[in-house]
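Novice: Make a model of this:
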Amino acid sequence: MPDHAIAMLFHATVIGTGATLTIDAWTILRKRLLGVPALNYGLVDRWLAWLPRGRFRHQPIAATPPVRGEQAIGWIAHYLTGIAFAGILLALWGLDWARHPTLAPALIVGIGSVAAPFLLMQPAMGAGIAASRTPRPNLARMHSVVTHAVFGVGLYAAGWVARLIAYPG
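Specialist: Just a heads-up that it's a prediction; the model follows:
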């Protein structure tokens, strides 16, 4: 594997993992301070597990029979998704961004990543486009946008961590 590809993979992994950890810390803080329940990442796996069986949409996903090991697989998918979005950041802004992280590109990707739950995950899991079928859609949307902005801040912070590891001094 060429050096450039190794550097991209390294940075995407460190930055994506760090940004996803930031979301998880935010989720814990949000639950303690605001009483907002954490997401169940096992439901993501449940959705993924039913795809090969030809089922893309669920009404709602919680009513679909559980899949063995869904919690572990859901968490793995959660972190791989964070790494993929870090890869998108690096694909758009290059390794130059990893050498000198700036907040704006990280926020663009972080906030832009809210399109995934709004247009894919929420509709597929029975919540409608942008949580339109939830009891309080505007509140759900606000939580999603804030969480993805936190992810953007996490991309930026983890970019600095990766920079210090890869380019010390």
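
Novice: going forward, measure contacts and count neighbours with C-alpha atoms only.
Specialist: Will do.

Novice: Identify the residue spatially nearest to A49, adjacent ones excluded.
Specialist: Residue nearest to A49 in three dimensions, not counting chain neighbours: V67, with 7.1 Å by Cα to Cα, 6 or more residues apart in numbering.

Novice: Name the SS class of the one you found, please.
Specialist: V67 carries the three-state label coil when classified by DSSP: H, G, I helix; E, B strand; the rest coil.

Novice: how much space between it and I76?
Specialist: To I76, V67 is 15 Å away according to Cα to Cα, to the nearest Å.

Novice: Return the helix or strand in this structure with minimum mean pLDDT.
Specialist: helix 42-50 (a mean of 80; mean pLDDT, DSSP states H and E).

Novice: need the contact list for R133.
Specialist: By Cα atoms under 8 Å, 6 or more residues apart in numbering, the contact list for R133 reads G126, A127.

Novice: Tell me which helix or strand it sits in.
Specialist: Using DSSP states H and E, R133 is not contained in any helix or strand.

Novice: Could you do the one 10 residues further on as well?
Specialist: Taking DSSP H and E as the criterion, H143 maps to helix 137-166.

Novice: What are the buried residues along stretch 100-111?
Specialist: Within stretch 100-111, the residues that count as buried by 16 or more other Cα atoms under 10 Å are P101, T102, P105, A106, L107, V109, G110, I111.

Novice: Residues in contact with that stretch: which ones?
Specialist: 85, 88-89, 93, 145, 148-153, 155-156, 159-160, 163.

Novice: Next, the closest residue to R30 other than its chain neighbours: secondary structure please.
Specialist: With sequence-adjacent residues excluded and distances taken as Cα to Cα, 6+ apart, R30 is closest to V36, at 6.0 Å. Under the three-state scheme (three-state DSSP), the conformation of V36 reads as coil.

Novice: how many neighbours does L9 have?
Specialist: L9 is flanked by 17 other residues according to other Cα atoms under 10 Å.

Novice: Which residue is the nearest non-sequential neighbour of it?
Specialist: Using Cα to Cα, 6+ apart, the closest residue to L9 is G87 (7.7 Å).

Novice: so which strand or helix has the one you found?
Specialist: Using DSSP H and E, G87 maps to helix 70-99.

Novice: That helix: what's the following helix or strand?
Specialist: Using DSSP H and E, the helix or strand that follows helix 70-99 in sequence is helix 103-112.
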